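**Student:** sharing a sequence plus its predicted fold:
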Amino acid sequence: MQSLAAFTVPAIADISDAPLTARLQHLLDNKTKPLGSLGRLEALALRIGQVLGTEAPALLQPQMLVCAGDHGLAAKGVSAFPSDVTWQMVENFLAGGAAVSVLARQHGLQLTVVDCGVARPIAQRETAPGAPRLLVHKVAPGTADASVGPAMTAEQCAQAIANGMEVVRGLPGNALLLGEMGIGNTSVASLLLARLAGLPLAEVTGAGTGLDAAGIERKRAVLQQALDANADATTPLAALAALGGYEVATLVGAVLQAALERRVIVVDGFITSAAVLVASRLQPAVLQRCVFAHRSGERGHALMLAQMQAEPLLDLGLRLGEGSGAALAWPLLQSACAVLAEMASFESAGVATQTA
């Protein structure tokens, strides 16, 4: 196990279970349909059953977790929006007006927003049951500028990871949907992918919140400075501390804890995938618990998914973040469970099976 300051990575067990997998596959194969005709929905049902360790998986009290933080790198012009948008969007999440707020409400997902390192204090507010809620686990008001040195100290990174684990321990349910907010955090995802996968920045850096071609070139130059300034940060934890953000590190902790508890983890887009990439480099069995919601329109996300051999459920050209893609994919997980639980078998329905 790797350690960072006072943090020790928990051991995540392999949950491969050949007998259970065989039973789940038998159930799916004997539903009233041609073999394999529900396509990837069948693979999704199989994955959920494997994660939850049962032939009758039920998704209970799903939690949408949105982690927010600011980045010192944003001052170098790597985003089309100013850093103030981070706290403004957190307020929007809590007020119920953001895309993720709307989609969480539509699909019955409890939305929890975590201030992991937003530069401006976010006001606590009274919330009705089921309304979006705020948790404050602020390590610092934004990271340092990674283009001149480490974004976080080892201690700060360890604290953020531990915070993510603590947050998940306090959430009910057996399904965790990941989201994030932080102006500049597509740069963090690009940096982590470039460093951990050894890919050129030109291949993994995109428009983020809407940069034009000149803006993307400026962004790549700043990111190259960050890689050069942190050239010795090569292990997953060291790279996370040097190049990451408080919200990404918090998500790493959330993923590790959710995997430890065998929750179904629904991964959103580029930034949440970066957190899963780091977590999976620490404990590969994390990926057994993950469902990847979509392939985003952000350059580099397809390459990041390939690093984890992940096949996303949707490809809608999304590049919003927030957890919006995870929320949109959620009904597919519900349908997968419903097929296992409610669809008749050939025998129970009295339907003749395939003859050849």
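**Tutor:** Thanks, I have the structure now. Numbering: from 1, shown residues only.
**Student:** list the contacts of Ala242.
**Tutor:** 146, 150-152, 230, 233 (CB atoms under 8 Å, 6 or more residues apart in numbering). Yep, even glycine has a C-beta here, placed from its N, CA and C like the rest.
**Student:** also Leu177?
**Tutor:** 62-65, 109, 266, 268, 293, 323, 326-327, 330.
**Student:** if we use 6 Å, what do you get?
**Tutor:** By CB atoms under 6 Å, 6 or more residues apart in numbering, Leu177 lies in contact with 64, 266, 323, 326.
**Student:** ok, so of the residues you listed, who is nearest Arg125?
**Tutor:** Ranked by distance to Arg125 (CB to CB), these are led by Met64 at 17.9 Å.
**Student:** make sure that closest one is actually in contact with Ala104.
**Tutor:** Yes. With contacts counted by CB atoms under 6 Å, Met64 reaches Ala104, the gap being 4.8 Å.
**Student:** who touches both of these two?
**Tutor:** Common neighbours of Met64 and Ala104 (CB under 6 Å, 6+ apart) are Leu111.
**Student:** hey, where'd the strands end up in the stretch 201-350 of the chain?
**Tutor:** 264-267, 290-292 (DSSP state E, counting those that start in this stretch).
**Student:** what does the shortest one rub up against?
**Tutor:** Residues lying outside strand 290-292 but in contact with it, judged by CB under 6 Å, 6+ apart, are 265-267, 310, 312.
**Student:** of these, buried ones?
**Tutor:** Neighbour counting by 16 or more other CB atoms under 10 Å classes 265-267, 310, 312 among these as buried.
**Student:** nearest to Val339, of the residues you listed?
**Tutor:** Using CB to CB, the buried ones among the contacts of strand 290-292 come closest to Val339 at Val266, 17.8 Å.
**Student:** the strands in the stretch 1-150 of the chain, which residues?
**Tutor:** Under DSSP E, counting those that start in this stretch, the stretch 1-150 of the chain gives strands at 3-4, 7-8, 63-69, 110-117, 133-136.
**Student:** and among the ones you listed, the most buried is which?
**Tutor:** strand 63-69 (a mean of 30; mean count of other CB atoms under 10 Å).
**Student:** isn't Ile15 right up against Gln288?
**Tutor:** Yes. The pair Ile15 / Gln288 is scored as a contact, 5.4 Å apart, by CB under 6 Å.
**Student:** so between those two, which is more surrounded?
**Tutor:** Each of Ile15 and Gln288 has its neighbours counted (other CB atoms under 10 Å); Gln288 has more, 18 against 15.
**Student:** from what I see, the more buried one and Asp14 are in contact.
**Tutor:** No. The criterion here is CB under 6 Å, and Gln288 misses it with Asp14 at 7.2 Å.
**Student:** check what pLDDT the most centrally placed residue in the chain gets.
**Tutor:** In the chain, the C-alpha nearest the mean C-alpha coordinate belongs to Thr272, at 3.2 Å (CA atoms, centre = their mean). Here the pLDDT value assigned to Thr272 is 98.
**Student:** not counting sequence-adjacent ones, nearest residue to it?
**Tutor:** The shortest distance from Thr272 to any non-neighbouring residue, by CB to CB, 6 or more residues apart in numbering, is to Leu178 (4.1 Å).
**Student:** in a strand, the one you found, correct?
**Tutor:** Yes. Under DSSP: H, G, I helix; E, B strand; the rest coil, Leu178 sits within a strand.
**Student:** can you tell me how far it is from Leu28?
**Tutor:** Going from Leu178 to Leu28 by CB to CB, to the nearest Å gives 27 Å.
**Student:** have a look at these two and say which one is more surrounded.
**Tutor:** Shown here are Leu178 and Leu28; by other CB under 10 Å, Leu178 has more neighbours (28 against 22).
**Student:** okay, that one: pLDDT?
**Tutor:** 98.
**Student:** could you do Ala13 as well?
**Tutor:** Reported pLDDT at Ala13 in the predicted model: 96.
**Student:** next, count neighbours for it.
**Tutor:** 12.
**Student:** which residue packs closest to it, ignoring adjacent ones?
**Tutor:** Ala285 (6.3 Å).
**Student:** got it, and Ala58?
**Tutor:** In this structure, Ala58 finds its nearest non-sequential neighbour in Cys337, 6.2 Å apart by CB to CB, 6+ apart.
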